[in-house]
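1. Provided below for reference: sequence and predicted model.
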Amino acid sequence: MVVDGTYAYVASNKVNESLVVVDASDLAAPVVAANLDVGQRGFHVIKDGDYLYMGIQSNTNGLSIIDVSTPTSPSLVSTLDVGGWGTDPSISGNSLYMGSTGDTDLHVIDMINKSAPSI
């Protein structure tokens, strides 16, 4: 989970709800503002600017890039195969660092073009 302002972005382990966006502007009564299904269960999530980078439980597309410029209407920008479930993403500049459950490699992903990330 990552919190930005009054929104919490939760990588969900529920089928058909990979990402849950929670509006926590009223801490006594937080509400689900949006859901996004990226085809698999969410695993780990980080946020940088208007984008979320989410590791997902998929053997073929372990990274999902999500536009959250409008938090109540998140949209999937792209996915990338990282050799297994994407784990522990971290971003620095235009590079995303991510492990995977399918190998012991650290993947360094070029994020200059978020619609077409590359290892």
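-> Cool, the structure landed.

2. can you list the strands that the helix or strand harbouring M54 pairs with?
-> Taking DSSP states H and E as the definition, M54 sits inside strand 51-56. In the sheet containing strand 51-56, its partner strands are strand 42-48 (antiparallel), strand 63-67 (antiparallel), by DSSP bridges.

3. okay if I get these as CSV plus mean neighbour count?
-> For glycine as for every other residue, the C-beta is placed from the backbone atoms N, C-alpha and C. CSV is the format used below for these (neighbours: other C-beta atoms under 10 Å):
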stretch, mean neighbour count
strand 42-48, 20
strand 63-67, 23
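
4. so which of those gets nearest I119?
-> Among the strands paired with strand 51-56, the nearest to I119 by C-beta to C-beta is strand 63-67 (9.7 Å).

5. which other residues reach the closest one?
-> 18-19, 36, 38, 50-56, 74-80, 82, 86, 89, 96, 98, 109, 111, 114, 117 (C-beta atoms under 8 Å, 6 or more residues apart in numbering).

6. may I see the PyMOL selection of the buried members of these?
-> In PyMOL, a selection of the buried entries from the contacts of strand 63-67 looks like this (16 or more other C-beta atoms under 10 Å):
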select buried, resi 18+19+36+38+51+52+53+54+55+56+74+76+77+79+80+82+86+89+96+98+109+111+114+117
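
7. all strands in this protein, in order from the N-terminus.
-> Along the chain, counting by DSSP state E, strands occupy 2-4, 7-14, 17-23, 31-36, 42-48, 51-56, 63-67, 75-80, 86-92, 95-100, 107-110.

8. now render the ones you listed as CSV, adding mean pLDDT.
-> Output for the strands of the chain, formatted as CSV (pLDDT from 0 to 100):
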stretch, mean pLDDT
strand 2-4, 97
strand 7-14, 94
strand 17-23, 95
strand 31-36, 97
strand 42-48, 93
strand 51-56, 95
strand 63-67, 96
strand 75-80, 96
strand 86-92, 94
strand 95-100, 94
strand 107-110, 95
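
9. dump the residue contacts of N94.
-> Counted by C-beta under 8 Å, 6+ apart, N94 has contacts 110-112.

10. which one of these is nearest to A11?
-> M111 (18.4 Å).

11. from memory that closest one sits against Y97, does it?
-> No. Taking contacts as C-beta atoms under 8 Å, M111 lies outside contact range of Y97: 10.4 Å.
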